[in-house]
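Trainee: fold the following, please.
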Amino acid sequence: MKFEFLEIAQFELDDSFEYYEFLQKGLGYKFLDEVKDAINRIEIFPYTWQSITKNTRRCLVKNFPYGVIYKIYKEKILIIAIANLHRRPNYWGDRIGKTDG
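Mentor: The predicted structure follows:
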């Protein structure tokens, strides 16, 4: 199954990469690898991960306090957020309605 990022989710991924790379050289790449691993798990088993709303799910990123928030469509997986789980809960919630249609 193909996947796409909302533009803001791609920004979150890029921003988090830069933050971790700033903290320690190479840590940003470890973060990207773990996010890619989470997305691979989602592609293989899209309905396995925690349901947040009727059509939205979250797959945790190993070794980092992040979750991949996504919606499943017939032909694709739409990544709504690369959510820092230490931020206020569901800060990305307003993005869900914008992806329906």
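Trainee: max-length strand in the protein?
Mentor: Using DSSP state E to define each element, the chain has its longest strand at strand 76-84.
Trainee: helices along this structure, start to end?
Mentor: 7-23, 27-44, 94-98 (DSSP state H).
Trainee: Lys76: which of those is closest?
Mentor: Between Lys76 and the helices of the chain, the shortest gap by C-beta to C-beta is with helix 27-44, which sits at 10.1 Å. (C-beta placed from N, C-alpha, C; glycine too.)
Trainee: remind me what the closest one packs against, helices and strands.
Mentor: Applying 3 or more C-beta pairs under 8 Å, 6 or more residues apart in numbering; DSSP states H and E, one finds that helix 27-44 contacts strand 2-5, helix 7-23, strand 56-60, strand 66-72, strand 76-84.
Trainee: what about Ser16, distance to Ile8?
Mentor: Taking C-beta to C-beta, to the nearest Å as the measure, Ser16 and Ile8 are separated by 13 Å.
Trainee: of those two, which one has the most company?
Mentor: Ser16 (20 against 14; other C-beta atoms under 10 Å).
Trainee: pLDDT score assigned to Lys98?
Mentor: In this model, Lys98 is scored at 63, pLDDT.
Trainee: Tyr47 and Ile72 touch, don't they?
Mentor: Yes: Tyr47 lies in contact with Ile72 (C-beta atoms under 8 Å); the separation is 7.2 Å.
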